[in-house]
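Trainee: mind folding the following:
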Amino acid sequence: MDDQNKNLILATALSFLVILVWFVLFPPPEPETQPGADITQSELTAPTAGGEATVPSTADAATATATATDETAPTTEAARIPLETPRLTGSVSLLGGRIDDLSLRDYKVSLEAGSDIVRMLSPVGEADAYYALYGWAAGSGLSPEDVPGPNTIWKASEGATLTPETPLTLSWDNGSGLAFERTVAIDEDYMFTVTQTVTNSGSAQVALAPYSVLARHGLPQDVTGIWVVHEGAVQFAGGEYLETDWNDFDSYAERDTDAGQDARWAGFSDHYWQTVLIAPKEGATRVETFYDANRDIYQTTAKQQTKTLAAGESATVTSQVFAGAKEWETIRNYQSDGVEKFIDSIDWGWFFFLTKPIFWLLHELNALVGNMGWAIIGLTLIIKAVLFPLAYKSYVSMAKMKELQPQMEKLKESAGDDKQKLQQGMMELYKKEKVNPAAGCLPILLQIPIFFSLYKVIFVTIELRHAPWFGPFADLSAPDPTSIMNLFGLLPFDGPTPGSIVALIFIGILPLLLGISMWLQQKLNPAPTDPTQQMIFAWMPWVFMFMLGSFASGLVVYWIANNVITFTQQYLIMRSQGYKPDLLGNIKGSFKKRSASDSK
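Mentor: Below is the predicted model of the structure:
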């Protein structure tokens, strides 16, 4: 393989990269949300002959209406119990004991001064209602009115507050021999532990099943719609992590009610946040995830095994719900505490075997240096060091190929149009000089999955969200905020709005440095003799410069650092092999060729 073929392979690989980047920048349009009908209180369905209890759909107390089994709809006015922890603030509604008001103290919506903190959950009646609720489904010997449901008004002690030190205890008595108690505890981070107890003081045997529900009213407004990050339902069942995009939900009528018998956790995942129901380790937990088009509600329901209580017996069940940021260290700690494979709730992507260790290394470097920008540069140095043996062989092979250029030119002249003779002559020459022409391809191909793994890490993980570097680079997960339009902030007016067409044209300083670094790296070698390859390589740095202008700043920082290190390695290795790259001559030559073509 001569230099031209090797360059062609490089161009093909980069073209493949361009196609993938195109889909990142211009993803398919998001599906339109189907408008839902007015939401009414759902009716608890009758138990099966075997005594199994059926879990209801969620109910909207704000628009509750009477049903055949609910002659008087419960009041929508219910007291709220404050929720305060070092990382969370909100309240719990006594209507159904819903966890439906939750905000994250540590995260703001934007970097603008006075920006609100991120709100995770919100009650029915507000935009993007999103909540968790618990209850019991009626089995044999009971009717829906005998068990607490979505609209039950619970009682709490006066002055109660939910904190890590003070769990919240709720109670409700059906007046017919069943007393229910629910204790909600919260830790220092994002995990709620819900313990439900029922006592049968009546004279008859009863059956009932505990359930928990996550409900989202309508499609979330902040869906990115970019394929690189999963948004929708997540579930760990049968030893397998499963994902469902928002537009792939089963309808309520078509849902598989037998699925997920051994599910351990399930819920909804956003870009940086998630709410997940976590089942107890003992017993089977059936999980159903579906979309109710009539109500425009996305719902995940987890039902535990039916409890059969004789007179005087009681039963207690405990489950958990995670509601918060997808922080790697926090989620890893919960996994260590027994939430199986919980770390997989972070979307690591196809190259998870690269993404996970890359993020771990980036996390440790950030903890060491205290700055994510410098941590990315440190990560680049380590990756280049790991790949250095391959890079060394590649650059040595390239240097030797340069030395063989005169002999290769003679072979071409002697072979003429006989391609077979030319090929045989080159193979003999490579064998004689112990040169492997394919050695230069492997490092280039290895960079592609590493690049996309790092892109995944920077785009998906919350640790990069609003992570500053220095000066104007206050968010490495966002595009470069500087612009040529105002000379990178030197002129007294703002640059174009990020994400606009103008911002794509008037790029920032990081994409500009990227283009220059790619261009200089090319100039270590003479331009290909083939005109088509010559044109591709001439335009490649500047095409990438504009394409990556809207990418996350952290990714551009990585690529710049990678180019600078690669340039240095290649230059020094070539010099050590007796080949002195004519950098200045190649730069002048490119301008001369351009001037000559312009004069024509």
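
Trainee: ok now stretch 267-284, how far from the chain's centre?
Mentor: Computed by C-alpha atoms, centre = their mean, to the nearest Å, the chain-centroid distance of stretch 267-284 equals 16 Å.

Trainee: run through the stretch 101-250 of the chain and note the low-pLDDT ranges.
Mentor: 225 (pLDDT under 70).

Trainee: where do the helices sit along it?
Mentor: For the stretch 101-250 of the chain, no helices turn up when DSSP state H, counting those that start in this stretch is the criterion.

Trainee: what do you get for the chain?
Mentor: If DSSP state H is used as the criterion, the helices of the chain fall at 3-25, 328-336, 352-369, 372-386, 388-403, 405-415, 419-433, 441-460, 501-505, 509-522, 531-547, 553-576, 583-599.

Trainee: who does residue 304 bridge with?
Mentor: residue 285 (DSSP bridges).

Trainee: contacting residues for it?
Mentor: 209-211, 279-280, 283-285, 317, 319 (C-beta atoms under 8 Å, 6 or more residues apart in numbering). Yep, even glycine has a C-beta here, placed from its N, CA and C like the rest.

Trainee: which of these fall in strands?
Mentor: 209-211, 285, 317, 319 (DSSP state E).

Trainee: with distance to residue 331 added, can I get those residues in TSV?
Mentor: TSV is the format used below for the ones in strands among the contacts of residue 304 (distance: C-beta to C-beta, whole Å):
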residue	distance to residue 331
209	29
210	25
211	25
285	20
317	24
319	18
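
Trainee: export the helices of the chain to a markdown table and tack on mean pLDDT?
Mentor: Shown next, in a markdown table, are the helices of the chain (pLDDT from 0 to 100):
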| stretch | mean pLDDT |
| --- | --- |
| helix 3-25 | 46 |
| helix 328-336 | 96 |
| helix 352-369 | 94 |
| helix 372-386 | 94 |
| helix 388-403 | 75 |
| helix 405-415 | 77 |
| helix 419-433 | 78 |
| helix 441-460 | 80 |
| helix 501-505 | 73 |
| helix 509-522 | 90 |
| helix 531-547 | 78 |
| helix 553-576 | 88 |
| helix 583-599 | 61 |
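
Trainee: how's this protein carved up into domains?
Mentor: The chain breaks down into these domains under automatic domain parsing: 3-26+355-599, 61-347.

Trainee: so of those, which one's packed in deepest?
Mentor: Of all the domains of the chain, domain 61-347 has the most neighbours on average by mean count of other C-beta atoms under 10 Å, namely a mean of 18.

Trainee: between the ones in strands among the contacts of residue 304, which is nearest residue 534?
Mentor: residue 285 (62.9 Å; C-beta to C-beta).

Trainee: quick one: the closest one and residue 264 touch, right?
Mentor: Yes. Assessed by C-beta atoms under 8 Å, residue 285 is found in contact with residue 264 at 7.4 Å.

Trainee: which residues are in contact with both of the two?
Mentor: residue 279.

Trainee: ok, the residue nearest to residue 573 when sequence neighbours are not counted - contacts?
Mentor: The shortest distance from residue 573 to any non-neighbouring residue, by C-beta to C-beta, 6 or more residues apart in numbering, is to residue 395 (4.0 Å). Residue 395 makes contact with 440, 569-570, 573-574, 577, according to C-beta under 8 Å, 6+ apart.

Trainee: before we move on, what about residue 380?
Mentor: 558, 561-562, 565.

Trainee: can you check residue 519 too?
Mentor: Counted by C-beta under 8 Å, 6+ apart, residue 519 has contacts 541-542.

Trainee: hang on, the earlier thing: mind putting the helices of the chain in CSV, distance to residue 346 included?
Mentor: Formatted as CSV, the helices of the chain follow (distance: least, C-beta to C-beta, whole Å):
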stretch, distance to residue 346
helix 3-25, 19
helix 328-336, 6
helix 352-369, 9
helix 372-386, 17
helix 388-403, 30
helix 405-415, 49
helix 419-433, 46
helix 441-460, 7
helix 501-505, 30
helix 509-522, 26
helix 531-547, 27
helix 553-576, 17
helix 583-599, 43
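
Trainee: closest one to residue 100 among these?
Mentor: Closest among the helices of the chain, using C-beta to C-beta: helix 328-336, at 22.2 Å.

Trainee: what is the closest one packed up against?
Mentor: With contacts taken as 3 or more C-beta pairs under 8 Å, 6 or more residues apart in numbering; DSSP states H and E, helix 328-336 sits against helix 352-369.

Trainee: now the angle from the helix it packs on to helix 441-460?
Mentor: Going by axes from the mean of the first three to the mean of the last three C-alpha atoms, to 10 degrees, helix 352-369 is angled at 70 degrees with respect to helix 441-460.

Trainee: quick one: the residue of the chain positioned farthest from its centre from residue 421, how far?
Mentor: Using C-alpha atoms, centre = their mean, the residue of the chain lying farthest from its centre is residue 414. It sits 57.7 Å away. Residue 414 sits 8 Å away from residue 421, going by C-beta to C-beta, to the nearest Å.

Trainee: just the endpoints, please. Distance across stretch 216-224?
Mentor: 17 Å (C-alpha to C-alpha, to the nearest Å).

Trainee: with stretch 307-320 instead?
Mentor: End-to-end distance (C-alpha to C-alpha), stretch 307-320: 19 Å.

Trainee: which outside residues touch it?
Mentor: Stretch 307-320 is contacted from outside by 51, 134, 139, 191-210, 212, 277-280, 302, 304, 339, using C-beta under 8 Å, 6+ apart.

Trainee: can you rerun that using 6 Å?
Mentor: 191, 193-200, 203, 205-207, 210, 212, 278-280, 304 (C-beta atoms under 6 Å, 6 or more residues apart in numbering).

Trainee: got it, and stretch 87-101?
Mentor: 61, 78-83, 102-103, 105-106, 121, 123, 131-133, 150-154, 170, 182, 189.

Trainee: next: stretch 549-563.
Mentor: Here stretch 549-563 has contacts from 376-377, 380, 454-455, 458, 464, 473, 476-477, 479-480, 504, 507, 510-511, 513-514, 517-518, 521, 548, using C-beta under 6 Å, 6+ apart.

Trainee: next one: stretch 168-178
Mentor: Contacts for stretch 168-178 (C-beta under 6 Å, 6+ apart): 81, 97, 146, 148, 152, 154-156, 160, 162, 179-184, 200-202.
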